[in-house]
Structures are given as C-alpha cells and as structure tokens.
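Trainee: Sequence below, structure please.
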Amino acid sequence: MSELVLQAQGVAKVFDESSEHLQVLHGVDIALKAGEFVAIVGSSGSGKTTLLHILGGLATPSAGEVRLMGLDFSRLDERDRGRLRNLHMGFVYQFHHLLPEFSAQENVAMPLLIRDMQPAQAMHLAAQMLDRVGLSGRLQHRPAALSGGERQRVALARALVTRPAVVLADEPTGNLDENNARAVHALLVELNEQLGTSFVIVTHERALADRAQRVLSMRDGRLEEQLDV
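Mentor: Numbering: from 1, shown residues only. Next up is the predicted model:
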C-alpha cells in the first residue's frame with residue numbers, strides 16, 4: 001500500500017526559555033505510508049520525543065505542517081485534533097499509563113467508550129484485542145496484578161483497539177527486562193504485519209530498530225534516513 005497516512009513537512013519547534021530561543025527541531029520532513037514500520041533513533045535531547053508529540057498533535061509546530069490521513073492536523077483546534085487522533089491514532093509510552101482502578105479489559109475499552117460506543121460492544125472488542133496480544137486469561141486483572149510485560153501488552157492493545165491508521169510509540173520497551181522487551185518487539189512486528197497498522201517508534205534499543213523497515217536518525221533536531229539498515 002502506498003497511501004500516506006502521516007506526513008510532516010518543514011516542521012520546526014522553538015521553545016522560549018527566559019530571554020533565549022531554543023530551537024529543538026529544524027525543518028523536519030517525514031512521510032509514512034500505510035503499513036510501514038519506522039524507527040527513529042538518536043541520542044537523548046536530539047528532539048525525538050518532541051517530534052513524536054508534534055506528529056501526534058500533542059504539541060504544535062512553530063513552523064511547518066503535519067497531515068494525518070490527508071488533513072492538516074497541526075492547524076486544527078484542540079477539539080477537532082482530539083477527534084481525529086481518536087479516529088486514526090494510537091499511542092504507546094515507556095510507562096504504560098493504565099488506569100489502576102480499572103481492569104485490563106476496561107482499560108483497553110476506554111478509547112472506544114470515548115467514542116460513545118455501546119459498553120458491551122467496546123468490552124467485546126477489548127477482549128478480542130487482549131486475546132491478540134496473548135492476554136485472554138488476564139481480562140479482569142487490574143494493572144497492579146500484572147507483570148511489567150503484561151502491562152505493556154495491555155497498553156499496546158489499548159492503542160490498537162480502535163484499529164488506528166498509525167501507532168506512535170515512545171520507548172515502548174524501555175522499562176522492560178531483556179526477555180519481555182524481546183517478546184514485545186516480536187509482538188509489534190506481528191501486529192504491524194497482521195493488522196496493517198503503521199508504526200513510528202522512538203527507541204534507543206538497536207534490537208527493536210533492526211526490526212523496522214526504515215530507520216531514521218535524529219541529530220540536533222534534524223532527521224535523516226539511515227541507509228545501512
């Protein structure tokens with residue numbers, strides 16, 4: 001598939017700190033096709049997370065534009081941006097951000113309930129997605145009763161339950177031990193292939209970057225493609 005699901009053109013970001021202007025991103029371009037698996041690597045402070053926040057509509061660029069499913073995402077107001085994000089995007093973070101008072105199934109159903117889907121249908125789809133990530137036996141467990149790897153699988157199921165066009169992930173295995181990280185790496189690739197969902201993953205882990213179809217390197221706020229992958 002060649003359809004562009006997410007595109008950034010000329011994206012710059014400047015933060016005003018006291019009397020100084022701190023430019024974090026410099027004219028970043030990125031185009032993500034449907035079904036692509038892209039990793040972004042780079043040192044701490046290079047601008048990776050800032051770029052991910054702008055791609056996800058969680059921050060606005062100082063210059064340039066972001067288009068999601070062909071729409072100028074970066075120019076929408078917060079309400080319309082949130083609606084488009086709920087329809088077409090999923091997010092996975094280094095920390096799972098699950099709601100501790102709700103079960104795994106309820107956490108995964110939450111994005112569907114925000115869409116005003118009927119609770120029974122939302123819970124059914126949440127159970128199906130948890131089964132896909134290997135947690136059919138953990139539906140009623142709250143986060144505190146799950147292992148670190150299981151919690152991150154729940155977070156991944158929550159990101160995917162709406163069948164988004166693209167999932168943005170920021171160090172999704174950064175808090176996991178080697179065995180759990182390897183299992184989640186494999187799961188990300190499997191779900192990308194099975195569901196056709198595009199992934200943009202910021203990672204320090206070479207083992208995860210090596211599984212990507214493309215690897216982009218961020219250096220001093222500028223993005224370039226690594227050609228040796």
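
Trainee: From the structure, what's the count of residues near Val161?
Mentor: Using other CB atoms under 10 Å, Val161 is surrounded by 23 other residues. In this view, the C-beta of every residue, glycine as well, is placed from N, C-alpha and C.

Trainee: Kindly export whichever strand or helix holds Arg83 (C-alpha atoms) in CSV.
Mentor: Element membership of Arg83, judged by DSSP states H and E, is helix 78-88. Extracted in CSV, the C-alpha atoms of helix 78-88 (Å, rounded to 0.1, in the frame of the first residue of the first chain):
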residue,chain,number,x,y,z
GLU,A,78,-7.7,21.1,20.1
ARG,A,79,-11.2,19.6,19.9
ASP,A,80,-11.0,18.6,16.3
ARG,A,81,-7.5,17.4,16.7
GLY,A,82,-8.6,15.2,19.5
ARG,A,83,-11.4,13.8,17.5
LEU,A,84,-9.1,13.0,14.5
ARG,A,85,-6.5,11.5,16.9
ASN,A,86,-9.1,9.2,18.4
LEU,A,87,-10.2,8.0,15.0
HIS,A,88,-6.8,7.4,13.4
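
Trainee: What residues sit buried inside that helix?
Mentor: Residues 81, 84-85, 88 are the ones in helix 78-88 that count as buried (16 or more other CB atoms under 10 Å).

Trainee: Of these, just say which sits nearest to Glu3.
Mentor: His88 (12.1 Å; CB to CB).

Trainee: And the closest one, how far from Leu135?
Mentor: According to CB to CB, to the nearest Å, His88 and Leu135 sit 25 Å apart.

Trainee: Check the offset of the helix ranked longest in the chain from the chain's centre.
Mentor: Ranked by residue count and defined by DSSP state H, the top helix of the chain is helix 178-195. Remark: helix 178-195 is offset 14 Å from the chain centroid, using CA atoms, centre = their mean, to the nearest Å.

Trainee: what angle do the helix or strand following that helix and helix 178-195 make?
Mentor: Sequence order places strand 198-202 as the next helix or strand after helix 178-195, per DSSP H and E. Comparing the axes of strand 198-202 and helix 178-195 via axes from the mean of the first three to the mean of the last three CA atoms, to 10 degrees yields an angle of 150 degrees.

Trainee: Alright, calling it a day.
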